[in-house]
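Chemist: what would the 3D arrangement of this be:
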Amino acid sequence: MAGPTSRSEGSAPESANGLLMRAVRRRWRLVVPGLVLMTMWQVCEALVPIAIGQIVDRAIIPLDRQALLLWILGLIALFVVLSYSYRFGARMSNRALHEEAHDLRVEATQVPLTRRRAMDGTSAGSVLSVCSADADVASLIFRQIALGGSALIGIVGISIYLLLTDWIVGLIVLIGVPVSLVLVALPSRAISRHSTAQQAAIGEASSRATDIMTGLRVLKAGGGEKWAAEQYRVASQAAADAGTVTSEREGRVAGIGSLGMAVVLALVLLAAGYRVLSGDMEIGTLISVVGVAVFFEEPVRTITMAVGIYARSHGAAQRLVDLQNSADVDESGTETPASATLEVHGLKLADGRCIEMEVRAGEFLCLVTEQPGDAVVVVNNLSGHGDPGNGDDTDPVRFGGFSRRELVPDLAGHVVVAPHRVDMFAGTIRSNIALLHGDAPIAGDVLEASAVAEIVEHLPAGLDHEVREAGRNLSGGQRQRIALARALHAVPDLLVLHEPTSAVDAVTEWEIAQAVHALRTRREGQTTVLVTSSPPFLALADRVVHLPARGEVVGGTHEELREGSDSYRTVVDR
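Modeler: Okay, the predicted model is just below:
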C-alpha cells in the first residue's frame with residue numbers, strides 16, 4: 001500500500017484535480033483491474049437482453065429444443081460472469097477507496113501536527129472536519145471511476161452494437177446519449193462550489209460542537225446551556241441550508257439526465273417499432289434493441305450520479321489542498337543546540353515594549369509577569385507559535401545559539417515548552433506521559449517530582465489507568481501533574497514551564513517545587529525556565545526576572561525583588 005506523500009518530498013498536489021489524479025496514480029493497481037471487472041459486469045448486463053432476443057429468434061420461434069438448452073446454459077454462464085465480475089470489481093474499488101481515505105486522513109493530520117502555524121486563524125473543529133469527512137468524500141472518486149467509467153464504456157460498446165444492428169436506432173443513441181451527458185456535466189462546477197461551501201459549513205458546526213463539549217462543565221455551571229444550544233443550532237442550520245442547496249443542484253442534474261434518457265428511449269422505441277412494421281427488423285432483434293435501449297437508462301443514471309459525486313469529491317479535495325497550503329512547510333534546519341542557553345532579544349509585547357533576557361546553561365530561572373497577557377506572548381514565542389511583532393523575519397528567540405528555523409525539526413530532546421493549558425489524550429496515564437504506545441517505562445523520580453506517584457498509588461491499574469477523551473475523568477490538578485510529568489519525562493536540555501502548579505494545593509505545590517528543582521539541577525547544564533508567580537519555585541530559583549506592567553525588566557533573587565519592588569510583592573505574595 002502506498003503511503004501518504006508529504007509536501008516536503010515536493011510531490012504534494014497544488015489543486016483539487018492534482019490531488020484526485022495523484023490518488024488514482026498511487027492506486028492504479030486496484031483501479032485498473034477494478035475498472036476492467038466492472039466493465040465486464042456492465043457489458044454482461046447489456047448482453048442479457050441481446051441473449052434473450054437471440055433465444056427468441058434461434059430457439060423459440062423455430063421450436064428448436066437443443067438450441068434452447070444451449071442458449072439457456074449460455075445465459076446461466078453469462079449471469080455467473082456478471083455476478084462475479086461485479087463482486088470482485090466492487091471489492092477492488094472499495095479497497096482503493098478506503099486505503100486512499102486512510103492515507104488522506106493521515107496526510108491531512110500531519111499538517112497541524114508538523115507545522116507550527118497550521119492552526120493559526122482556524123479552529124480545531126474545522127481542521128477535524130477536513131481530516132475526516134473531506135478525506136472520505138474525496139476518496140469517493142474511486143467508486144465513481146468504477147461505476148461511471150464502466151457505465152461509459154458499456155454505453156460506447158452497446159451503441160456500436162445498435163449501430164451495427166440498425167443504423168437508424170444506433171444513430172439516435174449515438175447522438176442522444178452524448179447530448180444528455182453534456183447537459184448533465186454542465187452544472188458540475190456549480191455542484192463542486194456548493195459542495196465546498198457545504199463542507200465548510202459542516203466544519204464550522206463541528207467546530208462549535210467541539211468548543212461546546214470542551215467547555216460543557218463551565219456552561220452547565222454558569223447556566224449557559226441555552227446560549228450554547230442556540231450557537232450550535234445556528235451553525236447546524238447553516239450546514240443544513242448549504243446541504244439543501246447542494247442536494248438541489250444534484251437533483252437538478254439527475255432530473256436532466258432522466259429527461260434526456262427518456263427522450264432517447266422514446267425515439268428508439270418509435271424507430272424500432274417502425275422498422276419491425278416495415279419488415280426490416282425481426283421480433284427477436286426488436287426485443288434485443290428495446291432491452292438494450294432500456295438498459296441505457298441505468299448506466300446513464302449511474303454516470304449522472306457519478307458527475308454529482310465527482311463534484312463533491314472535487315470540493316472536498318479542494319479543502320484538503322487548502323489545508324495543505326494553510327501554513328508554510330517548516331524548512332528543516334540542520335543545527336542542534338550547542339548548549340542549553342536561551343536568548344530573547346527584541347521580543348515585542350502588546351504595549352510596544354521589548355524584552356531582553358538571557359538564561360545561562362544550567363540556570364534555574366523564574367520569570368514573573370504582572371500582566372498575564374505578557375506571559376502568554378513570551379511562552380507562545382518560545383514555543384514558536386507567537387508573532388514576534390518586529391515587522392521582519394528575524395527570530396527574537398535563540399536556543400543554544402541558534403534560531404528555531406536553524407535547528408533540526410525534532411527538538412524534544414533539546415527543548416520542551418510546556419504551556420499552561422493542559423491537553424490530555426484518550427489512552428492511559430502512561431501513554432499521556434511517555435506519548436508512546438505500549439508499556440513505556442516512566443522514571444520513578446519523574447513520577448515523584450510531578451506528584452503523579454501520589455495519584456497512581458490509589459488507582460488499581462496504576463499508570464495504566466484509563467484516561468478518557470480530553471482527560472474528562474481526571475480532576476484539574478491531576479491533569480496538571482500528568483502534564484508536568486510529560487515535560488519532565490522528555491529530559492530536555494532546556495525546559496520551559498508555564499504555571500505548572502496553579503491547580504494544586506499549597507502543600508503539594510511546595511513538594512513539587514523542591515522535587516522539580518532537585519531533578520533539574522541534578523544534571524549539569526540542564527536549564528529550566530518557569531513562567532510563574534509561585535512562591536515555592538521563586539524561593540528556589542537561581543535568579544528571578546520580573547516583567548512589570550510598565551517599565552523595564554528587572555532581575556535578582558526572590559528576596560531582593562520582594563524587598564525592592566512593590567509591584568513584585570503584589571504579584572507574588574499570597
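Chemist: now do the same contact list for the residue minimising distance to the centre of the chain.
Modeler: Residue closest to the average C-alpha location in the chain (Cα atoms, centre = their mean): Cys131, at 1.1 Å. Residues in contact with Cys131 (Cβ atoms under 8 Å, 6 or more residues apart in numbering) are Arg105, Ala108, Thr109, Leu323. (C-beta placed from N, C-alpha, C; glycine too.)
Chemist: what pLDDT does the model give the spatially closest residue to it that is not a sequence neighbour?
Modeler: Take Cys131 and drop its neighbours on the chain: the residue closest to it by Cβ to Cβ, 6 or more residues apart in numbering is Ala108, 4.2 Å away. pLDDT for Ala108: 83.
Chemist: and for Ala229?
Modeler: Reported pLDDT for Ala229: 76.
Chemist: just confirm it is within a helix.
Modeler: Yes - remark: Ala229 belongs to a helix, assigned using DSSP: H, G, I helix; E, B strand; the rest coil.
Chemist: distance of it relative to Tyr86?
Modeler: Per Cβ to Cβ, to the nearest Å, Ala229 is found 46 Å from Tyr86.
Chemist: pull the contacting residues for Ile76.
Modeler: Residues near Ile76 by Cβ under 8 Å, 6+ apart: none.
Chemist: in what helix or strand does the nearest residue to Glu250 once chain neighbours are set aside lie?
Modeler: Nearest residue to Glu250 in three dimensions, chain neighbours excluded: Gly308, at 4.1 Å (Cβ to Cβ, 6+ apart). According to DSSP states H and E, Gly308 maps onto helix 283-324.
Chemist: still on that earlier bit, more neighbours, Ala229 and Tyr86?
Modeler: Between Ala229 and Tyr86, counting by other Cβ atoms under 10 Å, Tyr86 is the more crowded of the two (19 against 12).
Chemist: ok so, going back, packing partners of the very next helix or strand once past the helix holding Gly308?
Modeler: Later in the chain than helix 283-324, the nearest helix or strand by DSSP H and E is strand 342-348. Contacting strand 342-348 under the criterion 3 or more Cβ pairs under 8 Å, 6 or more residues apart in numbering; DSSP states H and E are the following elements: strand 354-359, helix 372-383, strand 397-399.
Chemist: and if we set it to 6 Å?
Modeler: Using 3 or more Cβ pairs under 6 Å, 6 or more residues apart in numbering; DSSP states H and E, the elements in contact with strand 342-348 are strand 354-359.
Chemist: dump whichever helix or strand comes after the strand it packs on to CSV, restricted to CA.
Modeler: Once the chain leaves strand 354-359, the next helix or strand it forms, by DSSP H and E, is strand 364-369. Output of strand 364-369 as CSV, limited to C-alpha atoms (Å, rounded to 0.1, in the frame of the first residue of the first chain):
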residue,chain,number,x,y,z
PHE,A,364,17.1,27.6,37.2
LEU,A,365,15.2,30.8,36.4
CYS,A,366,11.8,32.1,37.1
LEU,A,367,10.0,34.8,35.0
VAL,A,368,7.3,36.8,36.8
THR,A,369,4.9,38.9,34.7
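Chemist: got the contact list for Ser15?
Modeler: Contact partners of Ser15, counting by Cβ atoms under 6 Å, 6 or more residues apart in numbering, are absent.
Chemist: measure it to Ala135 for me?
Modeler: Ser15 is 17 Å from Ala135, by Cβ to Cβ.
Chemist: picking up where we left off before, from the contacts of Cys131, pick the one nearest Asp241.
Modeler: Leu323 (23.7 Å; Cβ to Cβ).
Chemist: for the residue lying closest to that closest one once chain neighbours are set aside, what are its contacts?
Modeler: Nearest residue to Leu323 in three dimensions, chain neighbours excluded: Val130, at 4.9 Å (Cβ to Cβ, 6+ apart). Residues in contact with Val130 (Cβ under 6 Å, 6+ apart) are Ala108, Arg319, Leu323.
Chemist: got JSON lines for those, with distance to Gly471 too?
Modeler: Shown next, in JSON lines, are those (distance: Cβ to Cβ, whole Å):
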{"residue": "Ala108", "distance to Gly471": "25"}
{"residue": "Arg319", "distance to Gly471": "30"}
{"residue": "Leu323", "distance to Gly471": "27"}
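Chemist: nearest to Val156 among the residues you listed?
Modeler: Using Cβ to Cβ, those come closest to Val156 at Arg319, 33.7 Å.
Chemist: may I have the helix or strand hosting Val137 as PDB, with CA atoms only?
Modeler: Assigned by DSSP H and E, Val137 belongs to helix 135-138. The C-alpha coordinates for helix 135-138 follow below in PDB (Å, rounded to 0.1, in the frame of the first residue of the first chain):
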ATOM      1  CA  ALA A 135     -10.800  12.800   3.200                       C
ATOM      2  CA  ASP A 136     -13.600  10.300   3.000                       C
ATOM      3  CA  VAL A 137     -15.600  12.300   0.400                       C
ATOM      4  CA  ALA A 138     -12.600  12.900  -1.800                       C
END
